[in-house]
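next come a sequence and a model predicted from it.
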Protein chains: 2
Amino acid sequence: MNKEQLIRVTNYYRALIKLRAIGLERVFAHNLADAAGVTATVVRKDFSQLSILGQKRGGYQIVGLIESLSTILGKGDEQNAIILGCGRIGLALMHYSGFESDGINIVAGFDNDSNVYSDPSQPTPIYPTNRLEEVIRALKVKVAIITVPESSAADTYRKILDADVAGVLNFSPVTLKPTLMKNGTMSIVHNINVGLSLEQIFYELKFPKKKNVAPLHESLIEAN
Amino acid sequence: MNKEQLIRVTNYYRALIKLRAIGLERVFAHNLADAAGVTATVVRKDFSQLSILGQKRGGYQIVGLIESLSTILGKGDEQNAIILGCGRIGLALMHYSGFESDGINIVAGFDNDSNVYSDPSQPTPIYPTNRLEEVIRALKVKVAIITVPESSAADTYRKILDADVAGVLNFSPVTLKPTLMKNGTMSIVHNINVGLSLEQIFYELKFPKKKNVAPLHESLIEAN
């Protein structure tokens, strides 16, 4: 799956979980299309590419569809992540409960400040950074969220790669690059740069793109 | 400028500000290339497209280059942003000092909770949400950062658009769409969905893309 398809399929999956929760048993391509902000044709094309078959008129069975998409999305395995740098952003992510519904568990935080890592009031244990490798191995951590200051981002990234964690979500303003690891694979990095996003928005406001399309959408929200 | 070029030029600009701060007077395309994680050829191409001329052998004067890029990036105007929803994420962004060096000011926060908006200990005044329009007009706000819960994101977005704020950085898990405003322009929205980013990383770890390129980079960090 390419990135766009992955986002769509994840959105179908999330919509299905919600539809199941309110007691529905069947769903139609049009329902999923609405939830993902695409057309029903796109949904059917995605499903056909992923070898998911629906009943022509009766729609799809939600339970079966959740199972198929769950396998396709690689869910079911432990999705354990850690947070490096438990300042305001790090703790905000630690307290956010929205990841659990996606099957993602924040299992530990790390910080160098003994006031931070000895604070028992946080929802997840926080360890001193020198225990990184040990905790990563014990908790089968696959992904690390970097919320350290700019000055220690590169160093933190190196430590994570050395501990064999290949997935990184980076909130520091330094752009981290995919890097070859000891085991021969490339790390996977997503950079979230809030400052750069804000600058882009201000720039686009100041120098608007040529309008060449009419607004297509009726509703304000696209998907969940 | 397209998005990629805008990111590169912003990175050149940030690097120049830092180089000036440490007392340098001249800079070469190679320096900026290193800072932005591109080649010197790309830097020269960008500058030629933007009609920036450098001395062939002596490099670029940093002060003049900052001035040119500043105009190109639309800096110099007031870049005032507000934060809607002063929970943990909202307050973390309010306390983050990294925007100022980009000329972006967080001028106000908004919240519905009277314990939050009457708290004088925050670095920026927080107002009750019913004062949104008034404050936006008084402070010439161009951009709003949405950090409200999922359930009120769409409603908050509507209020912002009604108050003529066209730029939105959305942290809620709801994907907000560009929308036609009363004044006939389209709003500009960047969605930052942390949960979706994490899911993508877990997915890419589980189903790695075919490696078809050798690692190109030596250093771990790309730019600042």
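Cool, got the structure. Numbering: from 1, shown residues only, chains lettered A, B, ... in the order given.

drop to CA atoms for contacts and neighbour counts, all remaining ones
Noted.

domain boundaries for chain A, per the record?
In the assignment given by automatic domain parsing, the structural domains of chain A cover A:3-72, A:80-200.

which helices and strands does the one helix or strand residue A:196 maps to pack with?
Using DSSP states H and E, residue A:196 sits in helix A:194-206. On a contact count with 3 or more Cα pairs under 8 Å, 6 or more residues apart in numbering or on different chains; DSSP states H and E, helix A:194-206 meets helix B:3-21, strand B:167-170, strand B:188-191.

now it - C-alpha only, CSV.
What follows is helix A:194-206 as a C-alpha-only set of coordinates in CSV (Å, rounded to 0.1, in the frame of the first residue of the first chain):
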residue,chain,number,x,y,z
VAL,A,194,5.1,22.5,14.3
GLY,A,195,7.1,25.6,13.7
LEU,A,196,7.7,24.7,10.0
SER,A,197,3.9,23.9,9.6
LEU,A,198,3.0,27.3,11.1
GLU,A,199,5.5,29.1,8.8
GLN,A,200,4.0,27.3,5.8
ILE,A,201,0.5,28.4,6.8
PHE,A,202,1.5,32.0,7.1
TYR,A,203,3.3,31.8,3.8
GLU,A,204,0.3,30.3,2.0
LEU,A,205,-1.9,33.0,3.5
LYS,A,206,0.3,35.7,2.3
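
state the distance from the closest residue in space to residue A:148 that isn't next to it in sequence to residue A:91.
Nearest residue to residue A:148 in three dimensions, chain neighbours excluded: residue A:85, at 4.5 Å (Cα to Cα, 6 or more residues apart in numbering or on different chains). Applying Cα to Cα, to the nearest Å, the value for residue A:85 to residue A:91 is 8 Å.

coming back round to it: so for the helix holding residue A:196, what gets flagged as buried?
By neighbour count, with 16 or more other Cα atoms under 10 Å in any protein chain shown as the criterion, the buried positions of helix A:194-206 are A:194, A:195, A:196, A:197, A:198, A:199, A:200, A:201, A:202, A:203, A:204, A:205.

sorry, back to before: the domains of chain A: which one's closest to residue B:112?
domain A:80-200 (18.9 Å; Cα to Cα).

roughly how far out does that closest one sit from the chain middle?
Mean C-alpha position of domain A:80-200 versus that of the full chain (Cα atoms, centre = their mean, to the nearest Å) differs by 13 Å.

so for that domain, mean pLDDT?
When pLDDT is averaged along domain A:80-200, the result is 93.

first-to-last residue distance for stretch A:131-146?
Stretch A:131-146 has an end-to-end distance of 16 Å (criterion: Cα to Cα).

that should have said stretch A:130-149, apologies.
With Cα to Cα as the measure, stretch A:130-149 spans 17 Å from end to end.

what residues sit buried inside it?
Within stretch A:130-149, the residues that qualify as buried are A:132-133, A:135-136, A:141-149, counting by 16+ other Cα under 10 Å.

rewinding a little: look at residue A:85 and residue A:91 and report which has more neighbours.
With neighbours defined as other Cα atoms under 10 Å in any protein chain shown, residue A:85 and residue A:91 compare such that residue A:85 has more, 25 against 21.

the longest strand seen in chain A to helix B:194-206, inter-axis angle?
Ranked by residue count, the top strand of chain A under DSSP state E comes out as strand A:104-111. Inter-element angle recorded for strand A:104-111 and helix B:194-206: 100 degrees (by axes from the mean of the first three to the mean of the last three Cα atoms, to 10 degrees).

tell me which strands strand A:104-111 pairs with, and in which orientation.
Paired with strand A:104-111 in the same sheet, following DSSP bridges, are strand A:79-84 (parallel), strand A:126-128 (parallel).

what lies in contact with the next helix or strand after that strand?
The C-terminal neighbour of strand A:104-111 among helices and strands, as given by DSSP H and E, is helix A:114-117. Residues external to helix A:114-117 that are found in contact with it (Cα atoms under 8 Å, 6 or more residues apart in numbering or on different chains): A:86, A:110, A:111, A:125, A:126, A:127, A:128.

rewinding a little: how far off centre is the helix holding residue A:196?
The gap between the average C-alpha position of helix A:194-206 and the chain average comes to 23 Å, counting by Cα atoms, centre = their mean.

can you list the neighbours in contact with the longest strand of chain A?
When contacts are defined by Cα under 8 Å, 6+ apart, strand A:104-111 is touched by residues A:78-86, A:94, A:99, A:117, A:124-129, A:132, A:139, B:199.

doesn't residue A:152 make contact with the residue nearest to residue A:148?
No: here residue A:85 lies out of contact with residue A:152, judged by Cα atoms under 8 Å, at a distance of 9.7 Å.

got the contact list for residue A:141?
For residue A:141, the contacting residues are A:79, A:80, A:81, A:82, A:165, by Cα under 8 Å, 6+ apart.

between these, which is nearest chain B?
Using Cα to the nearest Cα, residue A:79 is the member of these that lies nearest chain B, at 7.1 Å.

from residue A:36, how far off is the nearest residue to the closest one once chain neighbours are set aside?
With sequence-adjacent residues excluded and distances taken as Cα to Cα, 6+ apart, residue A:79 is closest to residue A:104, at 5.0 Å. For residue A:104, the distance to residue A:36 equals 21 Å [Cα to Cα].
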